[in-house]
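[1] have a look at this fold, sequence not included:
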DNA sequence: CCAAACTTACTAACTAGTCAGTAAAAAGCG
DNA sequence: CGCTTTTTACTGACTAGTTAGTAAGTTTGG
């Protein structure tokens, strides 16, 4: 048995995380059951409960696992030129998700559960803060270097995040990848109009 | 058009629609059960099944009921001056939802189920088309009257819809009504920058 | 009287989670 | 080293609860 007090310091079970990922993409969050994760895992449901006491624990660990990978991909953007860097970050947020529509669907489902699941809302909020911090830093850097107008960086960041989340939502709800493309174009228009 | 004999277009049971509305706001979509709707209705679960064969039928009828009311509220915007009308429409889309956060939460939950429920996706898609049509008409009217720049009206409309959906999503996921306010400001900035 | 509008009682399926037992690997030890 | 004990990583069977939906019988209003 795993001591719950050690849980946040213990490493996630990679095979179970992968199984959860596959089950989530296949069935969606609403129809995600321990049984289905166990089937992907290739073992019994009790084997899952051996590592994670409750379904909530498992899903919280899975969200950590997912968002950690997402943060890593954002962190890998290496250009320091503000204009180029901002465009690359927006690509990461709006172009890369096009590769994995099933995951985008499941992620919106989980996001919509944030008001009911404290563990979810905490993690999504923290993730949002991080991305906002990255965007704001680039914008402030650009303002300092004189390539961007001296605008309200906090608002400009939130505006871009709004466009990003709008594109993500529309791509899922309206079942058209074009939602992300429209958002990508709109984000660039916003940057051109407000920051230069 | 549509076959009027089709079951899903028969008149909804007002009391059941109201009960569904209350149950949805109280428990959210994920925990919405026939039993809970029946409790709000004040009758047995079988009484619900007397009017609606399946849960899916009931929810499809409820979505029709909800979206019809939403469309009516949009339709009530009466100004013909393009600039004023566009601002009033954006208020309707981004300010009015602030009055009912619980409904906004439940609506995002239902929207996130669109990829799995044909009945949902159909209705949300139709609703989106209608709002887009209204926005596009105003923008084209403004272009014709010379108060707006001669831009790509279709893209400008989609851009505004992206900002609207981004604000809605962020208000729910991040639990801050400020998400809608940021979106409202961003929408006006977009209009100012691109249409004038 | 009769049809519409129910109720009560039920079922079949599915859910998360528990429990007792087990095989094998690891650790302790003389 | 060789033997015992403990721990890890499970399995299979089970519980208790919830779900949508049904069937048969009952009340009620025109």
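    Great, that's in hand. Everything numeric in this text was worked out from a predicted model, so none of it was measured. Residues are numbered from 1 along each chain as shown, chains lettered A, B, ... in the order given.
[2] now for the helix or strand harbouring residue A:19, which elements pack on it?
    Assigned by DSSP states H and E, residue A:19 belongs to helix A:14-27. Counting contacts by 3 or more C-beta pairs under 8 Å, 6 or more residues apart in numbering or on different chains; DSSP states H and E, helix A:14-27 is packed against helix A:34-41, helix A:55-75, helix A:101-112. All C-beta atoms are positioned from the backbone trio N, CA, C, and that covers glycine.
[3] could you identify which of the ones you listed is most buried?
    helix A:101-112 (a mean of 22; mean count of other C-beta atoms under 10 Å in any protein chain shown).
[4] just after that helix, pick out the following helix or strand.
    Past helix A:101-112, the next helix or strand by DSSP H and E is helix A:118-145.
[5] is chain B within reach of that next one?
    Yes - for helix A:118-145 and chain B, the contact criterion (C-beta under 8 Å from any C-beta of the partner chain) is met by A:121, A:124-125, A:128.
[6] how about the closest residue to chain B within chain A, nearest residue that isn't a chain neighbour?
    As assessed by C-beta to the nearest C-beta, chain B sits closest to residue A:166 within chain A, at 2.9 Å. Spatial nearest neighbour of residue A:166, chain neighbours left out: residue B:166 (2.9 Å); criterion: C-beta to C-beta, 6 or more residues apart in numbering or on different chains.
[7] which SS state does that neighbour fall under?
    What DSSP: H, G, I helix; E, B strand; the rest coil gives for residue B:166 is helix.
[8] and it, how far is that from DNA strand C?
    Plainly put, residue B:166 is 31 Å away from DNA strand C if you go by C-beta to the nearest atom of the strand, to the nearest Å.
[9] tell me the contacts of that residue?
    The contact partners of residue B:166, by C-beta atoms under 8 Å, 6 or more residues apart in numbering or on different chains, come to A:161-167, A:169, A:183, B:183.
[10] same question, residue A:150
    residue A:143.
[11] what about it, helix or strand, and which?
    Counting by DSSP H and E, residue A:150 is part of no helix or strand.
[12] tell me, which of the contacts of residue B:166 make contact with DNA strand D?
    Among the contacts of residue B:166, no residue is within reach of DNA strand D (C-beta under 7 Å from any atom of the strand).
[13] list just the nearest of these to DNA strand D.
    residue A:169 (25.5 Å; C-beta to the nearest atom of the strand).
[14] list the contacts of that closest one.
    Listed by C-beta under 8 Å, 6+ apart, the contact set of residue A:169 reads A:108, A:179, B:108, B:111, B:165-166, B:168-169.
[15] now the two most distant members of these.
    The two members of the contacts of residue A:169 with the most space between them (C-beta to C-beta) are A:179 and B:108, at 15.2 Å.
[16] just checking, residue A:111 touches residue A:124?
    Yes - assessed by C-beta atoms under 8 Å, residue A:111 is found in contact with residue A:124 at 6.0 Å.
[17] gap between the two ends of stretch A:142-158?
    End-to-end distance of stretch A:142-158 (C-alpha to C-alpha, to the nearest Å): 17 Å.
[18] buried stuff in that stretch?
    Within stretch A:142-158, the residues scored as buried using 16 or more other C-beta atoms under 10 Å in any protein chain shown are A:142-143, A:148, A:153, A:156-158.
[19] what is the mean pLDDT for it?
    Rounded to a whole number, the mean pLDDT of stretch A:142-158 is 98.
[20] so what's the gap between that stretch and the chain middle?
    24 Å (C-alpha atoms, centre = their mean, to the nearest Å).
[21] where does pLDDT dip in chain A?
    Filtered on pLDDT under 70, chain A yields the residue ranges A:1-9.
[22] and residue A:191, how close does it get to residue A:142?
    10 Å (C-beta to C-beta, to the nearest Å).
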